[in-house]
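*Asks:* Okay, structure incoming, though there's no sequence with it:
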């Protein structure tokens, strides 16, 4: 990855099993995820909006180019990880955004994870069907 313009900020974020690294550079507002445009990587409008949410809260749409590398998890988890990393990177650019980003819940890492399967059960909580006769 050739970096023509020095990054302003670099941050990491996570959600479920997904991990994302984000670089912010001064630019025109282009968002690239795993070397693809955000519209092609995240196909639904809700996921695209989730990724752009930190920029909207910070009022920084069109000020930064965002380059994100994300792996692990599913598409929703990856969108959440990019959102988390982007919020953290914006915080490195301007510490004054902490209140607004915190109020929207963008700086909090979502702690919910998949519950592990237990022995003697079909899944994490579902048991086998009881048969009386």
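*Replies:* Looks like it arrived, so ask away. Small disclaimer: the values here were computed from a predicted structure and weren't measured. Numbers count the residues shown, from 1 in each chain.

*Asks:* Next SSE downstream of the helix ranked longest in the chain?
*Replies:* Longest helix in the chain, counting residues (DSSP state H): helix 75-93. Counting by DSSP states H and E, the next helix or strand C-terminal to helix 75-93 is helix 98-103.

*Asks:* Could you check how far that following helix is from the centre of its chain?
*Replies:* 16 Å (CA atoms, centre = their mean, to the nearest Å).

*Asks:* Check which helices and strands it is in contact with.
*Replies:* Using 3 or more CB pairs under 8 Å, 6 or more residues apart in numbering; DSSP states H and E, the elements in contact with helix 98-103 are helix 45-58, helix 75-93. From N, CA and C alone the C-beta is placed, and that goes for glycine too.

*Asks:* mean confidence for the shortest one?
*Replies:* Averaging pLDDT along helix 45-58 gives 95.

*Asks:* Same check on stretch 99-110?
*Replies:* Rounded mean pLDDT across stretch 99-110 is 94.
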